[in-house]
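A.B. asks: No letters, just coordinates:
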């Protein structure tokens, strides 16, 4: 949808997704580092988190497809106009296709929780969703004014880097740096959608000259500032989540330790019994 | 061969190959996960499966080369026409070269079963076969109408991603996600060959306008739908194979357990004897 | 800044950074290889070295940004000139953005020393700083005379290879070959900045013909010579540092061994006590 | 040197290098697989082999540089002609630069044998030599007739794939598939040099039409046939070397086994003594 709202909606979606992934990865990382070495089970909230994430993605994708199809000037589920021998509103169909793949990715998140699907499929499907988005955008920008084409092609940078990032995560698991970098690319993508909206459909003030070379140079630099801000946001969010969880878990630990002291004798005897059983 | 059949034949070949690889990888994965940790031998049917696969590839490649050479309008093993100072039917020779590399790949599958060739050569040769196919197609599409060039260059996406996928498999072995993704790329390639056939040589209805930009945009989106369908097909096939094998092996296990109970005493004594022999 | 000095300053900066990284990596490598296998602690000087490195990067970036902003013909912190409806000195702003990312990278070096930030963030941020530098330079070279564009685009080779190199280091740690290669790319970049300065703003002698094809061919070859010199410099520096450290540490070891002989009895008793405590 | 000989000399050089690497890798692989698990020392002939290889590379590079400089129409160590304000014979200087990097690579092979240089430097320098060769060739082919440019740019395929291959070998060591693939790329490069010579400077028969599109199509396909032949050559050479070594070592083993039988009692007693010492 070629207006400000049509860029603000996916922008907000990707921003939320980026922040959510940051929070999720930090929680998982905290759980991993705070666990004793032997216990490698997943946190209890993990399954519910994945269900929630998958459900949100599917719901978002479904709403997105419906909106793209049944807005006033949408294709209303018509693909080919046999009367005029032409395709109907291909732009909306393409956006719907992008949403579809995020929905597929969401359905894999759900399955991930049920242990049937091999580990890594959720990352692969997220990577594919980003790849398809970038793939469609790549042929999207053909034959537009220079600034319009440039600002959209800059969007491909976080999209394809994000796709590569999640693809690598299929093989290298539980690397917090890689995971946060992937989340950062989502935040960058979201904020850049807003930037596209502000530049192409300014809410107030004069319109931008889409052919001036200096505007292209400024936008290129502006993209780097967005990257810096996205890095800062990820750093702040993860520090905040980390210290919040730490404070809460320390409180919990104090109580737990108190309880342990009372029951330590019994439990150590139990442990001994178990060990002798195992032998 | 520039007609519908000339695209349907390789399409069917790649579809079959994709489904076959899906089934093979799922069977191997089931065997790996169901085995106790100590036993790492290959399944008994594996050797025969590899021979069959290799044989089929070699046979398919041989038939393909022969057909390309000796069809009515083929080069009949003539490469250079000294009378006219021109090359004879280079298109057919190029297709024959592609088949040749799939044949080479098949011959490595056979050797794989005989343990002489280092592990990974079969994947490398399959990767090379795809690379050569993509390499020749890349210079194939020169100087054609826009839609024709575009639809053929989209074929390069599954070809090169597949080549990269099998190349990575040389180093990262037994990763089921990667293996199924490679199989998925074959299915996508196969179904896309059919799509090319339907678009360039429509069986009925009007011919496509090869220069209309909207057609190119639709085809780009259509490629993503093919990808979605290919993912769905791989998911369904592998679920179906997985549950079928599981049901059968559980039946088998019940019988086996029954037999074990009868013979457990003897076998445990045997095991003890074997262990003492090994020491 | 379009003069010789404007290329000599970043050139010197990158040369220094390259030599510093060479020295640091060799010291760390010496420490790793000379330590007994059990002890995997970092050297005592490492924390201080990282603080120093981070501090220098931040200081350098800060000075760089200030200079770019407040030189005589700089933008003086004005970004948009509302009177003329034009951007103010975008070149200086772009250079400032590049410095900013090296500053961010420096701040991560400092945090690295405090163990809070996950290992690899410092490499990732250095990689990002190089990526941003290359990204901005890529759009920098548009619409310039051929030799000018070519000599700047050759700069992208060490920049992007360096970025890839540090990105790989996030995953493959403590690989001395990779580390030294990254340092070598910095030295190459530094010396190439000087070469750009000498070619575009010759201190004496005739100016270069920016459109002659032979000049482009010579510059391409000259780049390879710079690479050879950079490799040689890294090899010499690392050999020098290695043998210097070895001679010093051998002297120290002789003393240490002497001391150990005296105190060996006591320490072995201590060790036994500690072991029995641990059990 | 723009004649048949100027392409046959590097072609022979790369063919020889490719065969040599095949033989070396197969010998090392045989040694690795035939050794018992505990012994991981390098074979006794390895050090000498590396010295020989390094020496040959340095000698070849030195001869190459000298020939390029001091042939009749060479630059005779003059780089810039101040009288005419032009560069002297840049082509010869560029070829000399390529040889230089293979010489650097050779000097690292020598050092590899003396254990001072970290493992992987020899591969890295070989990778760099190939990268520099490809880098110079890439800017070489500018402004030539289509077939000439195409046939030279096809040379970049084995050059860059080879460079990538040896770069990966820095990290993944002793992978025989990867090593033989690298050797295969050298053989392909060598045979392609001959092909370039035959096409551009035919020894007899008519000259090729450098602008006919069909010629370009044939050359592309011909490249694939060279690849197939190179794969076949590597497969034959390695099988031949493998079985030759096996037959010789089995003869040796029979003698050794005979000797062992005589001395087995003593040695088993010795082994027991050693084990009790270690405990």
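C.D. replies: Noted; the coordinates are in hand. Note that this is a predicted model, so its numbers are computed, not measured.
A.B. asks: which parts of the stretch 51-200 of chain A sit against chain C?
C.D. replies: Proximity of the stretch 51-200 of chain A to chain C (CB under 8 Å from any CB of the partner chain) is limited to residues A:157, A:172, A:175-178, A:181. In short, each C-beta sits where N, CA and C put it, glycine included.
A.B. asks: Most widely separated two among the residues you listed?
C.D. replies: The distance between the two most remote of those (CB to CB) is 22.7 Å, for A:157 and A:176.
A.B. asks: Retrieve the pLDDT associated with residue A:233.
C.D. replies: As predicted, residue A:233 sits at a pLDDT of 95.
A.B. asks: wait, it sits on residue A:187?
C.D. replies: Yes - counting by CB atoms under 8 Å, residue A:233 touches residue A:187, with 5.8 Å between them.
A.B. asks: Neighbour count for these two, which is higher?
C.D. replies: residue A:187 (27 against 19; other CB atoms under 10 Å in any protein chain shown).
A.B. asks: filter the residues of the stretch 51-200 of chain A next to chain C to the buried ones?
C.D. replies: Buried subset of these (neighbour count, 16 or more other CB atoms under 10 Å in any protein chain shown): A:157, A:175-178, A:181.
A.B. asks: so where is chain A shaky, pLDDT-wise?
C.D. replies: A:1, A:36-44, A:109-116, A:252-279 (pLDDT under 70).
A.B. asks: Go again with 50.
C.D. replies: Low-confidence segments of chain A, defined by pLDDT under 50: A:113, A:263-279.
A.B. asks: For it, just list every one of the helices.
C.D. replies: Assigned by DSSP state H, chain A shows helices spanning A:4-34, A:44-70, A:90-113, A:121-140, A:146-171, A:176-200, A:213-278.
A.B. asks: So which elements touch the second one?
C.D. replies: Helices and strands in packing contact with helix A:44-70 are listed as helix A:4-34, helix A:90-113; criterion 3 or more CB pairs under 8 Å, 6 or more residues apart in numbering or on different chains; DSSP states H and E.
A.B. asks: How many neighbouring residues does residue A:138 have?
C.D. replies: Here the number of neighbours of residue A:138 (other CB under 10 Å) works out to 15.
A.B. asks: And for residue A:77?
C.D. replies: The burial count assigned to residue A:77 is 9, neighbours taken as other CB under 10 Å.
A.B. asks: got a list of what it touches?
C.D. replies: Residue A:77 makes contacts with A:69-70, as judged by CB atoms under 8 Å, 6 or more residues apart in numbering or on different chains.
A.B. asks: how much space between it and residue A:69?
C.D. replies: Remark: distance between residue A:77 and residue A:69 (CB to CB, to the nearest Å) = 6 Å.
A.B. asks: next one: residue A:155
C.D. replies: 23 Å.
A.B. asks: These two - which one has more neighbours?
C.D. replies: Using other CB under 10 Å as the criterion, residue A:155 and residue A:69 rank with residue A:155 on top: 21 against 17.
A.B. asks: I'd guessed the more buried one sits against residue A:192; true?
C.D. replies: Yes - counting by CB under 8 Å, residue A:192 is a contact partner of residue A:155 at 5.7 Å.
A.B. asks: thinking again about what came up before, of all the buried ones among the residues of the stretch 51-200 of chain A next to chain C, which comes closest to residue D:49?
C.D. replies: residue A:175 (39.1 Å).
A.B. asks: Only the buried residues of stretch A:24-36, if you could.
C.D. replies: In terms of neighbour count (16+ other CB under 10 Å), stretch A:24-36 has its buried residues at A:24-31.
A.B. asks: export those to CSV and tack on distance to residue C:61?
C.D. replies: Listed next are the buried residues of stretch A:24-36 as CSV, based on distance: CB to CB, whole Å:
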residue, distance to residue C:61
A:24, 32
A:25, 28
A:26, 28
A:27, 33
A:28, 33
A:29, 29
A:30, 32
A:31, 36
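A.B. asks: Minimum distance to residue B:16: which of the helices of chain A has it?
C.D. replies: helix A:121-140 (23.6 Å).
A.B. asks: for that closest one, packing partners?
C.D. replies: Using 3+ CB pairs under 8 Å, 6+ apart: helix A:121-140 touches helix A:90-113, helix A:146-171, helix B:176-200, helix B:213-278.
A.B. asks: any idea of the angle it forms with helix A:44-70?
C.D. replies: Angle of helix A:121-140 versus helix A:44-70, following axes from the mean of the first three to the mean of the last three CA atoms, to 10 degrees, is 30 degrees.
A.B. asks: Could I get the buried residue list for helix A:121-140?
C.D. replies: A:121-137, A:139-140.
A.B. asks: Repeat that for stretch A:81-94.
C.D. replies: Buried residues in stretch A:81-94, counting neighbours by 16+ other CB under 10 Å, are found at A:87-90, A:92-94.
A.B. asks: same question, stretch A:197-208
C.D. replies: A:197, A:199-200, A:208.
A.B. asks: Over to it now: how far is its first residue from its last?
C.D. replies: Start-to-end span of stretch A:197-208 (CA to CA, to the nearest Å) is 12 Å.
A.B. asks: Mind listing residues that contact that stretch?
C.D. replies: With contact meaning CB under 8 Å, 6+ apart, stretch A:197-208 is reached by A:2-8, A:11, A:147-148, A:151, A:215, A:219, C:85.
A.B. asks: Counting neighbours, which of these comes out on top?
C.D. replies: residue A:151 (24 neighbours).
A.B. asks: Which positions in the stretch 151-279 of chain A make contact with chain B?
C.D. replies: A:170-171.
A.B. asks: For chain B, what's the nearest residue on the stretch 151-279 of chain A?
C.D. replies: Distances between the stretch 151-279 of chain A and chain B by CB to the nearest CB are smallest at residue A:170, namely 5.8 Å.
A.B. asks: The spatially closest residue to residue A:13 that is not a sequence neighbour: neighbour count?
C.D. replies: Closest residue to residue A:13 apart from its sequence neighbours, by CB to CB, 6 or more residues apart in numbering or on different chains: residue A:60 at 6.2 Å. If you count neighbours by other CB under 10 Å, residue A:60 ends up with 19.
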